[in-house]
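Visitor: 3D, please:
(chains A and B)
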Amino acid sequence: MGMNAYDLTNWIAQSQAEVIQRIQRSLVMVHNGRRGVGSGVAWRQGGYLVTNYHVVAHGRNQYATLPNGQDLPVRVVAREPDIDLALLQADAFYLPPALVADSRGLQVGQIVMAVGHPWGQRGVVTSGIISGLGTVQTRGVRGAVPVIRSDVVLAPGNSGGPLVNAIGAVIGINTMIIGGDLGVAIPTHLVDLFVSEALGERAEVSG
Amino acid sequence: MTEQYPLNALSEAMVAAVEAAGAATMMVNARRRLPASGIAYTADLILTADHVIEREEDIKVMLPDGSEKAANVAGRDPGNDLALLRLDSLVASVAVPAAQDARVGQLVLALGRPNSEGIQASLGVISASGGPVRTGRGGLLERYLRTDAIPYPGFSGGPLIDTAGQIVGINTSGLARGASLAIPVSLAWQVAEALRTHGHIRRGFLGVRSQPVPIPIAQQSALGRKQASGLLLVGVENDSPAERGGLMIGDIIVAIAGQPVTDPDELLSTLTGEVVGKVTPIEILRGGSPTTIAVTIGARN
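Guide: Numbers count the residues shown, from 1 in each chain, chains lettered A, B, ... in the order given. All right, here's what the predicted structure looks like:
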């Protein structure tokens, strides 16, 4: 169609930047006293945030930094250590929930990006592809749970942050402690079920 | 959607590429540790890395549909780290080689199927292409590709593909310690064809140990060659082609069949399959004087 390579790569780069902007509106930094930071993402209206359980498992003075730089205290609404998830709430009623994709139709090779705060550096983007779709054995009653593996570079501080697809919709929550290896994300259909149950909503997914 | 989001279009293209090439990517179980990968060269021949074949019996190949098939070794080339396995059944999808050589900067995906969870992939670019390189397996890889795509455990023998799903190389971690290398598809296909026909790759054999030494200017002019170094023979095997041809310790090899030889890599690359059994002129310096000796090159086992 007469598009040269420079236009094409520019177009892709611009598209990638837009996608990142979309998710960064819903991205928070979760502070846990002196135990460091993790990432979190707004999941429901009303200031409901999802992060990793291990980010908020211990410690006091937990608070979240919003995209506008405001710090707000958070309370833990629900926790699910087996799949390393926690639901938090902050008085951030205007924080837009992230666009969430159904993770049941994922395919190996899809472009994904992790957005978070590795080593405490804010809003860092790393990209790659879904490298595998498998399961990880958990210790609890859940047994084997599906996970997303990716070749995206993650570091402490990415924990609890979103893994997004090529249109900026969340497909998983990054975690570094289940499965024992780098680059595992809990798929959004599990996250959504956890959030729905915690909020007493009628679950869309039958577990 | 894809019109609005070019990134999504690229993403969809890569999913399709993984799907297409993944259908021709098998699990190869021929070692004690984690299984490795292989690709369907033809409907009944699986091309894989030689170093993942630790046993020649009880080799199992798991097809993408999850069924497990028995396989036998059809041929091995440890030098290029390639092996060909024969299945007693047919696979549905055969790998498609890229028509062009891969270029530095090109987007590529490394694929593997080391377990029954499905295809695995990593993304990167061609970082370099080069060669020849010594393999540390007694061989010399004529050409190689280097990529920054992560070589996950069990990816050896799997394909390196382009965004159209065509094969640009075969992954191997068995060649250079730790580095993620791939054997370019044109070389891999050439080797696979030879393995299919002969069961092995023929390589020439002299039977010498050597080290490079400088050639003084005076001797260079006596040779009529501007060549700064040659290969000093420090050992000649008993009853080897070199000994039968009359090569002796202390000789300095300067050229073989007209090709200058300045280091051991060049010696290996002149001893190709084509020279096996042929009477070949070897130019040497003996006691400082140029002389030419005819040697019948043998075959390396």
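Visitor: and stretch A:92-99, does that touch chain B?
Guide: No: using C-beta under 8 Å from any C-beta of the partner chain, stretch A:92-99 stays clear of chain B, coming no nearer than 12.4 Å. Using the backbone N, CA and C atoms, a C-beta is placed for each residue, glycine as well.
Visitor: mean confidence score for that stretch?
Guide: Stretch A:92-99 carries an average pLDDT of 94.
Visitor: interface residues of chain A facing chain B?
Guide: The interface of chain A toward chain B, taken as C-beta under 8 Å from any C-beta, is made up of A:8, A:11-12, A:15-16, A:19, A:107-111, A:128-135, A:149, A:151, A:165-167.
Visitor: ok, of the residues you listed, which come out buried?
Guide: Neighbour-count burial (16 or more other C-beta atoms under 10 Å in any protein chain shown) applied to the residues of chain A next to chain B gives A:12, A:15-16, A:19, A:107-111, A:128-134, A:149, A:151, A:165-167.
Visitor: so for the residue nearest the centre of chain A, what's the pLDDT?
Guide: In chain A, the residue lying closest to the centroid (C-alpha atoms, centre = their mean) is A:P162, at 2.2 Å. Listed pLDDT for A:P162 reads 97.
Visitor: for the chain, longest helix please?
Guide: In the absence of a named chain, this looks at chain A. If you go by DSSP state H, chain A has its longest helix at helix A:5-24.
Visitor: to clarify, I was referring to chain B.
Guide: helix B:6-22.
Visitor: ok, B:G165 touching B:A20?
Guide: Yes: using C-beta atoms under 8 Å, B:G165 makes contact with B:A20 at a distance of 3.5 Å.
Visitor: overlap in contacts, those two.
Guide: B:V96 (C-beta atoms under 8 Å, 6 or more residues apart in numbering or on different chains).
Visitor: okay, these two: which has more neighbours?
Guide: The neighbour comparison of B:G165 against B:A20 (other C-beta atoms under 10 Å in any protein chain shown) goes to B:G165, with 24 against 16.
Visitor: can you show me the helices along chain B?
Guide: Under the criterion DSSP H, chain B contains helices at B:6-22, B:185-198, B:217-223, B:241-245, B:264-270.
Visitor: with distance to chain A and mean pLDDT added, can I get those helices in a markdown table?
Guide: Formatted as a markdown table, the helices of chain B follow (distance: least, C-beta to the nearest C-beta, whole Å; pLDDT from 0 to 100):
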| stretch | distance to chain A | mean pLDDT |
| --- | --- | --- |
| helix B:6-22 | 3 | 95 |
| helix B:185-198 | 19 | 93 |
| helix B:217-223 | 49 | 89 |
| helix B:241-245 | 49 | 94 |
| helix B:264-270 | 34 | 82 |
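Visitor: next, format the ones you listed as JSON lines and append distance to A:G59.
Guide: Shown next, in JSON lines, are the helices of chain B (distance: least, C-beta to C-beta, whole Å):
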{"stretch": "helix B:6-22", "distance to A:G59": "38"}
{"stretch": "helix B:185-198", "distance to A:G59": "54"}
{"stretch": "helix B:217-223", "distance to A:G59": "75"}
{"stretch": "helix B:241-245", "distance to A:G59": "73"}
{"stretch": "helix B:264-270", "distance to A:G59": "59"}
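Visitor: just these: most buried one?
Guide: Ranked by mean neighbour count, the helices of chain B are led by helix B:6-22 with a mean of 21 (mean count of other C-beta atoms under 10 Å in any protein chain shown).
Visitor: roughly how far is that one from the heart of the chain?
Guide: Counting by C-alpha atoms, centre = their mean, to the nearest Å, helix B:6-22 is centred 28 Å from the centre of its parent chain.
Visitor: excluding chain neighbours, give the residue nearest to the residue in the stretch 201-301 of chain B positioned nearest to chain A in space.
Guide: Residue nearest to chain A within the stretch 201-301 of chain B: B:I201 (33.0 Å; C-beta to the nearest C-beta). Closest residue to B:I201 apart from its sequence neighbours, by C-beta to C-beta, 6 or more residues apart in numbering or on different chains: B:D77 at 4.3 Å.
Visitor: doesn't B:A188 make contact with that neighbour?
Guide: No: counting by C-beta under 8 Å, B:A188 is not a contact partner of B:D77; they are 9.8 Å apart.
Visitor: show me the contacts for the closest residue to A:E80 other than its chain neighbours.
Guide: Spatial nearest neighbour of A:E80, excluding adjacent residues (C-beta to C-beta, 6+ apart): A:F194 at 5.3 Å. Counting by C-beta under 8 Å, 6+ apart, A:F194 touches A:A78, A:E80, A:I83, A:L85, A:L87.
Visitor: also A:L87?
Guide: Counting by C-beta under 8 Å, 6+ apart, the residues that A:L87 touches are A:W43, A:Y48, A:L49, A:V50, A:V76, A:V77, A:A78, A:R79, A:F194, A:V195, A:A198, A:L199.
Visitor: and for the second one, the neighbour number?
Guide: Close neighbours of A:Y48, defined as other C-beta under 10 Å, add up to 20.
Visitor: now find how far off-centre the lowest-mean-pLDDT helix or strand in chain A is within its chain.
Guide: Of all helical and strand segments in chain A, the minimum by mean pLDDT, DSSP states H and E falls on helix A:5-24, at a mean of 86. Centroid separation for helix A:5-24 versus its chain: 21 Å, with C-alpha atoms, centre = their mean.
Visitor: before we move on, what about stretch B:155-167?
Guide: Offset of stretch B:155-167 from its chain centre (C-alpha atoms, centre = their mean): 16 Å.
Visitor: quick one: B:L109 from A:R79, how far?
Guide: Separation of B:L109 from A:R79 (C-beta to C-beta, to the nearest Å): 37 Å.
Visitor: more neighbours: which of those two?
Guide: Neighbours were counted for B:L109 and for A:R79 using other C-beta under 10 Å; B:L109 has more, 27 against 16.
Visitor: give the helix, strand or coil label for the residue of chain A found nearest chain B.
Guide: Using C-beta to the nearest C-beta, the closest approach of chain A to chain B is made by A:G109 at 3.4 Å. Classification of A:G109 using DSSP: H, G, I helix; E, B strand; the rest coil returns coil.
Visitor: show me the contacts for the nearest residue to A:I111 once chain neighbours are set aside.
Guide: Once flanking residues are discounted, A:I111 sits nearest to B:S11: 3.9 Å by C-beta to C-beta, 6+ apart. Residues in contact with B:S11 (C-beta under 8 Å, 6+ apart) are A:G109, A:Q110, A:I111, A:N165, A:A166.
Visitor: spell out which parts of chain B neighbour chain A.
Guide: Residues of chain B lying near chain A (C-beta under 8 Å from any C-beta): B:1, B:5-8, B:10-11, B:14-19, B:22, B:109, B:115, B:117-123, B:149-150, B:152.
Visitor: which residues of the stretch 101-250 of chain B score low on pLDDT?
Guide: Residue ranges of the stretch 101-250 of chain B with pLDDT under 70: B:135-139, B:174-179.
Visitor: any idea how far the residue nearest to B:A92 when sequence neighbours are not counted lies from B:N29?
Guide: Closest residue to B:A92 apart from its sequence neighbours, by C-beta to C-beta, 6+ apart: B:A23 at 7.1 Å. Using C-beta to C-beta, one obtains 19 Å as the distance from B:A23 to B:N29.
Visitor: check A:I171 too.
Guide: Separation of A:I171 from B:N29 (C-beta to C-beta): 32 Å.
Visitor: look at the two and report which has more neighbours.
Guide: Taking neighbours as other C-beta under 10 Å, A:I171 and B:N29 compare with A:I171 leading, 24 against 19.
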